[in-house]
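K.L.:
Below: sequence and its predicted model.
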Amino acid sequence: MPDGGKRYISVSGLPIFDKTGNFVGYRGVGRHITERKRAEQALIESEARFRTFVDHATDTFMLHSEDGRVLDVNRNACESLGYSRTELVGATAALFDLEMDEATWRRNRERLKAGGIATLERRYCRKDGTVFPVEVRMREFCEHGQSRIICLSRDITERKRTAETFREMQAELTHANRAAAMGQVTASVTHELSQPITAVLCNAEAALNWLGTQSPNFEKAQQALASIVAEAKRGGEIISWIRSLIKKAPAPKESVDVNGAILDVITIARSELLKHDVSIQTDLAPGLPLVKGYRVQLQQVVLNLILNAIDAMNCVDLGGRELRISTAADASNRVVVAVRDTGPGLDVAIVDRLFEPFYTTKPDGTGMGLSICQSIIEAHGGRLWTGANEPRGAVFHFSLPSQQG
């Protein structure tokens, strides 16, 4: 151009010959293609920028064909797995994914067709044999009429480690909370154990008397010995329950009779209820469906709610302290437990904060009891909530899915 700029021209033509066959020149067409060239250059630059962006991403990018073969990878894929681009392109995910085979790939493809994005956790293996967990997000799209699957993988080793640390801390707090609750009901434990011990002693003396006469009464002695066995078993059951409540590791999941679990807790808390002049009523629905879970953890929730109710009613005049525990099955066959007290009720200004860790209204409270209760119920697939009791006081509900549900 006169101003020094450039234009791009595409020229095509044919040679021209005269009648004698001599070449006389060309006849052709010139097309102005400057805009096309600029668009092509912009596309090249855009692709280069995108490649740079993908290569500098902290996640692993992989492009797969319909049959699962790797078509392209970014730099992070090579660095995190220890393979070169040449080694990865053309291979299948089975090269580095410990749980991948043809059947698994087909199942993943079906999931992609059912929804837009599939997210799953996998275990990748580096070239040196190191195994690490990843979160993979997969999406299918069409390119030039061919199905393509893009996979974005993120190393979640730190996330897993943090989650495990949090789980261990939560287990420690849960155990500490159980131990603190047991400390509050020590008198009840002592009372409950003293009863079978006293009964064993009395029956043993009776058996000795029946056998020590000139005409031993073996039938009466046998009855006394049978009573000793029964009371010893009862004492053993109490000790086993206490040991299971205060040990760190919970027993394996089992089918839990919620009504029976509640009655066990009431037995242990009876002395604390008497000490604070709290009357207790139960309205336990018969024929409740069983719940799958940790019996001791669910009993911990009930025990916490009972002790909280006792504390709440300390400011109420004697004779007006009533605790009512009820169970029922709702329309969804979920087991619903309610613990009602006749205390001053809950301040609406703090209701939303009740289940926050370390939030407490007690001068000597830790603020972890209700938070731990909520985490236990949610871990069982349930929900814990609160409300007002009529005519006064508070009610705490929790629901649990039944085995049939």
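P.N.:
Yep, that arrived. Treat the numbers as computed from the prediction; the structure is a model and nothing was measured. Numbering: from 1, shown residues only.

K.L.:
okay, CA-based contacts and neighbour counts for the rest of this
P.N.:
Noted.

K.L.:
quick one: low-confidence ranges for the stretch 201-350 of the chain?
P.N.:
Counting by pLDDT under 70, the stretch 201-350 of the chain contains low-confidence ranges at 238, 241-242, 244-251, 318-319, 348-350.

K.L.:
any chance you could map the helices in it?
P.N.:
Under the criterion DSSP state H, counting those that start in this stretch, the stretch 201-350 of the chain contains helices at 218-246, 258-275, 295-312.

K.L.:
just so I know, which of these lies nearest Ser326?
P.N.:
Relative to Ser326, the nearest member of the helices of the stretch 201-350 of the chain by Cα to Cα is helix 258-275, separated by 9.0 Å.

K.L.:
Buried residues, the closest one. List them.
P.N.:
When burial is assessed from 16 or more other Cα atoms under 10 Å, helix 258-275 yields the following buried residues: Val258, Asn259, Ala261, Ile262, Val265, Ile266, Ile268, Ala269, Arg270, Ser271, Glu272, Leu273.

K.L.:
out of everything not next to it in sequence, what's closest to the third one?
P.N.:
By that I understand Ala261. Of all residues beyond its chain neighbours, the one nearest Ala261 is Gln299 (6.1 Å), with distances taken as Cα to Cα, 6 or more residues apart in numbering.

K.L.:
Around that neighbour, how many other residues sit close by?
P.N.:
Look at Gln299: counted by other Cα atoms under 10 Å, it has 21 neighbours.

K.L.:
cool, the one 5 residues further on as well?
P.N.:
Other residues lying near Asn304 total 22 when counted by other Cα under 10 Å.

K.L.:
how close does it get to Asp347?
P.N.:
In this view, Asn304 and Asp347 are 20 Å apart by Cα to Cα, to the nearest Å.

K.L.:
just to revisit the earlier point, quick check: the residue nearest to Ala261 touching Asn259?
P.N.:
No - using Cα atoms under 8 Å, Gln299 makes no contact with Asn259, being 10.4 Å away.

K.L.:
list the contacts for the residue nearest to Ala261?
P.N.:
The contact partners of Gln299, taken as Cα atoms under 8 Å, 6 or more residues apart in numbering, are Ala261, Ile262, Val265.

K.L.:
my guess is the last one meets Val301, correct?
P.N.:
This means Val265. No - in this structure, Val265 sits apart from Val301 without contact. The criterion is Cα under 8 Å, and the distance is 9.9 Å.

K.L.:
tell me the mean pLDDT over stretch 397-405?
P.N.:
Along stretch 397-405, the predicted local confidence has a mean pLDDT of 84.

K.L.:
Buried ones in it, by neighbour count?
P.N.:
Applying 16+ other Cα under 10 Å to stretch 397-405 flags His397, Phe398, Ser399, Leu400, Pro401, Ser402 as buried.

K.L.:
In TSV: these, plus distance to Tyr83 and secondary structure.
P.N.:
Compiled in TSV, those are given as follows (distance: Cα to Cα, whole Å; DSSP: H, G, I helix; E, B strand; the rest coil):
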residue	distance to Tyr83	secondary structure
His397	55	strand
Phe398	52	strand
Ser399	51	strand
Leu400	49	strand
Pro401	47	coil
Ser402	49	strand
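
K.L.:
Out of these, which comes closest to Lys113?
P.N.:
Minimum separation from Lys113 among the buried residues of stretch 397-405 (Cα to Cα) is found for Pro401, which lies at 31.6 Å.

K.L.:
What are the neighbouring residues in contact with that closest one?
P.N.:
Taking Cα under 8 Å, 6+ apart, we find Pro401 in contact with Val291, Asn333, Arg334, Val335, His380, Gly381, Gly382.
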